[in-house]
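>>> no sequence on this one, just coordinates:
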């Protein structure tokens, strides 16, 4: 039987079941008497051959992709082992340094003890000699008088030596306590680093994919204010920094009230906050489990656990007033007034950038920074010198210092090939390409009663969050 509606053939039973609602059902011998088959066996053969070829090619592509994945897996696992060896090497180095320090301290103490023993031994010999001479006393009154007086002097000097050693040489020892930051870090992390999936796009498929234009200017279509003051705040809010976390919530750095405040991803209400020991500056996300913030005048970076309730964990001392803070490629990027530093999360200084290629000072008054995900570019907001872009070796690869941007204060990377910078004095937000080329002005603020300073975007780049100086609200702008 033949179903013309579905262009399908089958036995009478199958047609009766599968095509019972179809109208054009024919008995094939009768159908062929009245109709000429337009498709030849040769054409169908060619079509089958073509599809078979395509299937074979696709199968080969998948086999090649499987081989590539296996090689990639091997390379990735090797990189993990290499990373582990680097950690082991660093731990061996720390062990060697620690043992060397302890050896030096014990050596000093033991040398002191040995010197005291030698002094006492000399006194002991002198005492024995004096005692022996007194035992051999003769009838010579002159000699006896000399021996007695010498014995008195030797006894007195020995007693003084004992007293001096008792007063000046208290017993010493060395205690070792492991650095709690190492144990804390190992306890907090579950894997060696960030594991992410990525799409490997073949060259021939790029043309069919909708690629976001990096140079398209973001625009705003309205804004709403949300209160971020909490009951325990003693002063008006001063939001100096903001960042988006992996779960979509937003962290604000409130300088005046020494707090970090966590906002809901859509209602922008404060759902959590934590008190800091000092006034904070720039805050950044480390991963879904923790964030970090600069405590400027405390000269340290504080880590915060991002559990259901934010909590302070470990911290690292850096020895300078810190403003900018970002995390990328496993390291912390920190700025002081006139320098940018790269630190390990354990607190070891890796690099410092202060001068340009000609030996001139790079910065004068840094406020914040942002870093590309792979750490290849560092975007620094300098309040006096605009935006300065460095590569990972500290070479200047881009600058913007123009009257359109006055008082560069805070910045954020959109994740779509552009950088947003908030101008504190120019009361605007400018959008730049990743090489520092100006794309345009996203918004010019009408209300200048308080300085606009903190900026971040939500994950969809559909909202832009702005924090202000001495203002209990944040402004959330709709982006188009």
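Great, that's in hand. Keep in mind it's a predicted model, so treat the numbers as computed, not measured. Numbers count the residues shown, from 1 in each chain.
>>> can you check the pLDDT for residue 198?
Note on residue 198: pLDDT of 57.
>>> I should have written residue 60 there, sorry.
For residue 60, the pLDDT comes out at 89.
>>> on the three-state scheme, it is what?
helix (DSSP: H, G, I helix; E, B strand; the rest coil).
>>> run a quick neighbour tally on it.
For residue 60, the tally of surrounding residues (other Cβ atoms under 10 Å) stands at 10. All C-beta spots, glycine's among them, are computed from the backbone N, C-alpha and C.
>>> got any ranges where the stretch 101-250 of the chain has weak pLDDT?
Per-residue confidence for the stretch 101-250 of the chain (pLDDT under 70) gives these ranges: 137-139, 164-171, 188, 194-215.
>>> let me know the secondary structure of residue 234.
Classification of residue 234 using three-state DSSP returns coil.
>>> please name the residues that touch it.
When contacts are counted by Cβ atoms under 8 Å, 6 or more residues apart in numbering, residue 234 touches residue 257.
>>> how close does it get to residue 255?
13 Å (Cβ to Cβ, to the nearest Å).
>>> what's the answer for residue 464, then?
Distance, residue 464 to residue 255, using Cβ to Cβ: 21 Å.
>>> please say which of those two ends up with more neighbours.
Ranked by neighbour count (other Cβ under 10 Å), residue 464 and residue 255 place residue 464 first, with 24 against 21.
>>> name the element the residue nearest to that one when sequence neighbours are not counted belongs to?
Among residues not flanking residue 464 along the chain, residue 477 sits closest, at 4.3 Å (Cβ to Cβ, 6 or more residues apart in numbering). According to DSSP states H and E, residue 477 maps onto strand 473-479.
>>> now swap in residue 83 and tell me
Counting by DSSP H and E, the element that carries residue 83 is helix 41-135.
>>> go through the helix or strand following that helix and flag the buried ones.
As assigned by DSSP H and E, the chain's next helix or strand after helix 41-135 is helix 141-168. If you call a residue buried by 16 or more other Cβ atoms under 10 Å, then helix 141-168 has these buried ones: 147, 151, 154, 158, 161.
>>> so what pairs up with the residue positioned nearest the centre of the chain in the strands?
Centroid-nearest residue in the chain, with Cα atoms, centre = their mean: residue 327, separated by 2.6 Å. Beta-bridge pairing for residue 327 (DSSP bridges): residue 332.
>>> can you give me the distance of it to residue 294?
Using Cβ to Cβ, we find residue 327 at a distance of 12 Å from residue 294.
>>> with residue 430 instead?
According to Cβ to Cβ, residue 430 stands 24 Å off from residue 294.
>>> who has more neighbours out of those two?
Taking neighbours as other Cβ under 10 Å, residue 430 and residue 294 compare with residue 294 leading, 31 against 25.
>>> the more buried one contacts residue 322, doesn't it?
Yes - using Cβ atoms under 8 Å, residue 294 makes contact with residue 322 at a distance of 4.2 Å.
>>> between these two, which contacts overlap?
With Cβ under 8 Å, 6+ apart as the test, residue 294 and residue 322 both reach 281, 301, 334.
>>> most neighbours out of the residues you listed, which is it?
Busiest of the shared contacts of residue 294 and residue 322 [other Cβ under 10 Å] is residue 334, holding 26 neighbours.
>>> and that residue, that one's in a strand?
Yes - under three-state DSSP, residue 334 sits within a strand.
>>> give the contact list for it.
Neighbour list for residue 334: 294, 301, 318, 322, 324, 325, 340, 341, 342, 343 [criterion: Cβ under 8 Å, 6+ apart].
>>> please repeat the previous calculation with a cut-off of 10 Å.
Applying Cβ atoms under 10 Å, 6 or more residues apart in numbering to residue 334 gives the contacts 282, 292, 294, 301, 316, 318, 320, 322-326, 340-343, 349, 352, 366, 369.
>>> go on, residue 444?
Applying Cβ under 10 Å, 6+ apart, one finds that residue 444 lies in contact with 220, 423, 426, 427, 428, 429, 430.
>>> rerun that using 7 Å as the cut-off
By Cβ atoms under 7 Å, 6 or more residues apart in numbering, residue 444 lies in contact with 427, 428.
>>> what do you get for residue 470?
For residue 470, the contacting residues are 236, 238, 450, by Cβ under 7 Å, 6+ apart.
>>> now the last one. Its backbone dihedrals?
Looking back up the chat, that one is residue 450. Dihedral angles of residue 450 (phi, psi; degrees, to the nearest 10) stand at phi -140, psi 150.
>>> isn't it up against residue 471?
Yes - in this structure, residue 450 is within contact of residue 471 by Cβ atoms under 7 Å, at 4.6 Å.
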